[in-house]
Each structure stands twice: as C-alpha cells, then as structure tokens.
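In: Quick check, what structure comes out for this input:
(2 chains)
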Amino acid sequence: MDPFFYLVILAGAIAGASCGLLGVYIVGLRLPFVGIFISHAAMAGTIFSYLLGLSPIWGPVVVSAVTAASLAAIRPERSRMDPNVALAILFSLMLGLTFLGMGLMQGSRSEVLGLLWGSILFVQSKSVFVIGVAAAAFVVFALAFNKELKVLLFSRTIAAATGVHETFVYSLFLALCGIILAVNLPLVGGLMIFSLITSPAAAAYQICRGHRAVVAASTGFGVISAVGGFVFSYYFNLPTGACTVLASTVLFALAVAWRALAGKAD
Amino acid sequence: MTPGSLVLSNVRVHRGGRTVLQIDNLKVPPGDFVGIVGPNGAGKTTLLKVCAGLVKPTGGSVWMEGLDLTRLGAWRKCELRQHIGYIPQVAEYNAELPFTLREVVAMGRTSIRPLLTALKAEDREVVDHWIDTVGLGDRRNQTFRSLSGGEQQKALIARAMAQDPRILMLDEACANLDFDWKYQISEMVERLYRQNQITVLMVSHETSVLPHTCGRVVLLAGGRILADGGVEDVLSPNKLNGAYHGGLRVADIGGRKYIVSVSRSLEAGGTS
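Out: The predicted model follows:
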C-alpha cells in the first residue's frame, strides 16, 4: 500500500491522541473559550508567519505559546470581568487578525485556506515528527504534574488556598496547549481543531469513573476520531478537519446514548 | 512564628471604588476556634479569602505564622499555604467531574509532597484513614458527583484533614444542607477540632451551626468588625441588631444560638 497512507494514519493517531489528552484539561477546567482563543491565536500566528516569511513551524508555535501563557494572568477571582467574556473579545481580535492577514496575502490563498479546513496535504514526515515531539512533551507534562493537575481540575480555589503550585502548573499547561494547537493546526484545521479537543473529552467525562479512565478514554476517542477522519479524507478527498470533527461528534453522541441506556456510570 | 497563628493588621480591600473589607486588627492565636458571622455582603468570605491569601488586600498585612502572606513570593507563599485546609463554597469546585472520592481526598496530600513526585503508599493510608473517619468508608471508590450534598461536604473535610493542616478554613460548609446534615457537619468539625490541635475559622451566616467549642465569634457588617468576643457576648440581640436591621431575638437551644427575626406585629403582641 501507499506509504503515504501509513503516514496519514500515524499523523491522525498522534493528532487525535494529543488533542484528546489536552481536551481532558480544557474541558475539565471549563475553559472552552481558552481552546477557541488559542486555536485562533495559532491561526493568526501561522498566517502572519507566512506573510513575514518566518518558519511555518516556529512562528505559530511561539505566537500561540506566548499568547496562551499570558492567559494565566486572567485571575477569575481578581477581575470583575467574566473570564469567558474577556476571552470572547480576545478571540474576536485573533479572528480579525487572521482574516486581515489573509486579505494582505498576495496570489493564491489555497494553501492558507487549507489552514482553516485542515488538509492531509500538510502530512509530511517532518510535520509528523513535529506533532509527535509536541505530543510527547505534553504527555511528559501530564505525567509529571498529574497530582497538581487533578487539584486544578477539581478546584483552582482549593489549589491556590492550600499551596499547590497552581500558577506555575497552569501557565506551563497553557503554553503547552498553545504549542499542541499550533502544530496540529495545519492538519486538523483552525476552525475545527477545537472540536477534536472538546468532543472526545466531553464523551469521556460522560461515561468514565476516575481520572485515569477519563484520560485513557479521551485519548482513545481522539485517536479514533482523527484516524477515522484522516482515512476518510484520504479515500474521498474531503477536508480532514470536517471528517474528523464529524467522527468525534458521532462518538460523543454514542457516549451520551450509552450513558442514558446503561444508567449512571457512577 | 507560632504554627497556626494568624494576624491581620490594617487590612483594606477595595473593589469597584468601595471598601468591602476594613479590618484594623484581628489576632487569631493558634488553637482558637473562631466563628465568622454576619449578614449577606458583610465581607465574611472576603475576610476568609484574605486570610488564605486568595484575595490580595489593597493595603495592610496578613501575618500567617509570623510571615506576611501579602509580601511573600509565589514559591514561599505556596510553602506557607500547605498548612491551610480550605473548604470553599459550592460554586468553587467542579462537583460534576467523575473523580472518585478517594481521588478527591488524595488531593489533600498534593501540596505537602514536592513537585514531580507521585503520592506514596503512606499517603494512600492517610487518605483511607480520613475517609473512614468521616464515615464514608463504603463509598471510597464511588464518584464524588454521585454523593449527596452532605456527603460531598464530608469528603471535602476529609480532603482538608488529609493535608494535616494547622489552620482549617470553612466557607459556609453547612449552607444548602438540611438541618440533620447541618448538625452532622457541625459536630464533625467540633470533633476534629477537639482531637487535632488546629486553628479553625468557620464562616457561616447561620449562628446555630457554630459548635459548642467555638469560643469566639467575630461579627462582621459592612466589611468591618462590629463585635469580637465570646459567644454570649457577641450573639446578643444588642450586638446583632447593629448588624442586621433590628427585630432580632436570640434563642438558646442546647447551647446553640438561633437567631430569630421577630416581625413587628409579633413584637406588638399579636399572634400568627
């Protein structure tokens, strides 16, 4: 079989696993807007890197890691503004910058449009290596700070009050989140990567008991969605992002149905 | 540098152009049980959050065990706060996540173990000990979200105690519970206070949930301390009528103080 096909499968598995794992924290921390904001920051970063002739990998990675980490400065208990409202405004800014950048672009925009929808044309051994390294870094982080992350998920107030190194772990988490989103963006697509983060994790939270089970299920659901979507896209020449997102939504619906049929998972 | 002590001096908290908390001086010696009471918006939760370093005061100092929480760097502040067992209000934790009871209680061991290390077998023993102590031994592998409100509150107390705290801070731990659970929780806090040498700060808008061992009550109103002293002294109609809008009586039933609002018609001698 076509060796490219295997690369597509590998890319799908890595993208799905890293987005599924990341989603456990994005969904658990009730940060859906952070996910949307960072993915759009990554998109703006990618487009301006093209415009300025910067490295298509490091440009967006640096932009989204820095913007993401700066979000740690938003302290819900200290600001009078709902953090989700603040994020919605920042998100609009990033979307504005993205489309401004696209307007400024000369000549063909098809490659950049691919960033919005996701395309397996971006699957190359180099990009697979990059998403692999980012995924590995996030796994190491999640293992190393597992006990702190659990407290953060449960309650940032408890974490802060009882001396968990909350700000440090949270900032590091956001920076890694920016990196994961930036490197997976060309494959999954800026408009849809957010669903690959939320749906698998939301499905896992529906049906699992215990943190470890959530992590395993969400990662698995991410892999199934992305590999399924990528393979579908390969055979039928459809946008990868759309296929992946539809697959993850179907999984989520199945999880909800399963919970309803099987009764409470607890 | 006495373990478990807390001193607030000249603390001011401004929010939205008004002063929400103004505490000139509040000394809590180690081993005190202090009830913090007052009407809605009196600044009870803000006071507790200032004590825990969650709200940085606009001015003043919060001395915990001789160190000023407001001036410590992030790292030292974390080290000092390992000794705070904190039980927040319901809105401040994600009760719907599928953490098991054991996982939630084990969170109490997190800050006392260094970064980059996992919890040990010995930590798990402590966790199980506290789960048994609060009487949830048969629920340890159930999810937190499947527990009732009262059981969740017990689980949070077990979490706080697993941390081996020197100061236990409870923010409306009995709110939203029926009267039976209220007193179960109240008696549990009392027992823990007696058996462990800890300082307790208990915020409650209901004076009747303050246990017998609560030797001192701070009455807040409008962000200021209106009265600070023994239970009999502070929970008297005179002092309370200054904080609320009058017409209050205090009923003493079995040592617990119930505040009853008496309507004007009743006071005039009518019946209802």
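
In: can you list the residues of chain A near chain B?
Out: A:28, A:30, A:77-78, A:80, A:144-148, A:150-151, A:153-155, A:157-158, A:160-165, A:167-168, A:205, A:208-211, A:213-214, A:264-266 (CB under 8 Å from any CB of the partner chain). Placement of C-beta: from N, CA and C, glycine included.

In: Next step: these restricted to helices.
Out: Judged by DSSP state H, these include A:28, A:144, A:146-148, A:150-151, A:153-154, A:157-158, A:160-161, A:167-168, A:205, A:211, A:213-214 as members of helices.

In: From those residues, list the buried ones, please.
Out: Buried members of these, counted by 16 or more other CB atoms under 10 Å in any protein chain shown: A:28, A:144, A:147-148, A:150-151, A:153-154, A:157-158, A:160-161, A:167-168, A:205, A:211, A:214.

In: could you show me where the strands are in the stretch 51-200 of chain B, in order?
Out: Secondary structure of the stretch 51-200 of chain B (DSSP state E, counting those that start in this stretch): strands at B:59-64, B:67-68, B:84-87, B:167-171, B:199-203.

In: Of those, which is nearest chain A?
Out: Closest to chain A of the strands of the stretch 51-200 of chain B, according to CB to the nearest CB: strand B:84-87, at 3.6 Å.

In: List the pairing partners of that closest one within its sheet, with orientation.
Out: Strand pairing for strand B:84-87, determined by DSSP bridges: strand B:167-171 (parallel).

In: quick check: angle from the partner strand to strand B:59-64?
Out: Following axes from the mean of the first three to the mean of the last three CA atoms, to 10 degrees, one obtains 120 degrees for the angle between strand B:167-171 and strand B:59-64.

In: Restricting to C-alpha, output strand B:167-171 in PDB.
Out: Extracted in PDB, the C-alpha atoms of strand B:167-171 (Å, rounded to 0.1, in the frame of the first residue of the first chain):
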ATOM      1  CA  ILE B 167      -5.500  26.100  60.100                       C
ATOM      2  CA  LEU B 168      -8.800  24.900  58.900                       C
ATOM      3  CA  MET B 169     -10.900  27.400  57.000                       C
ATOM      4  CA  LEU B 170     -14.500  26.600  56.200                       C
ATOM      5  CA  ASP B 171     -16.700  28.900  54.000                       C
END
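
In: okay, the angle between it and strand B:199-203?
Out: Using the same axes, to 10 degrees: strand B:167-171 against strand B:199-203 is 10 degrees.

In: In contact with B:His210, which residues?
Out: Heads up, residue B:210 is Leu, not His. Neighbour list for B:Leu210: B:35, B:37, B:186, B:202, B:204, B:217, B:231, B:256-257 [criterion: CB atoms under 8 Å, 6 or more residues apart in numbering or on different chains].

In: Recalculate using a threshold of 6 Å.
Out: Under the criterion of CB atoms under 6 Å, 6 or more residues apart in numbering or on different chains, the neighbours of B:Leu210 are B:Gly35.

In: ok, so what distance separates it from chain A?
Out: Distance, B:Leu210 to chain A, by CB to the nearest CB, to the nearest Å: 21 Å.

In: next one: B:Thr117
Out: Separation of B:Thr117 from chain A (CB to the nearest CB) stands at 8 Å.

In: cool, B:Leu156 as well?
Out: Noted for B:Leu156: a distance of 8 Å to chain A, by CB to the nearest CB.
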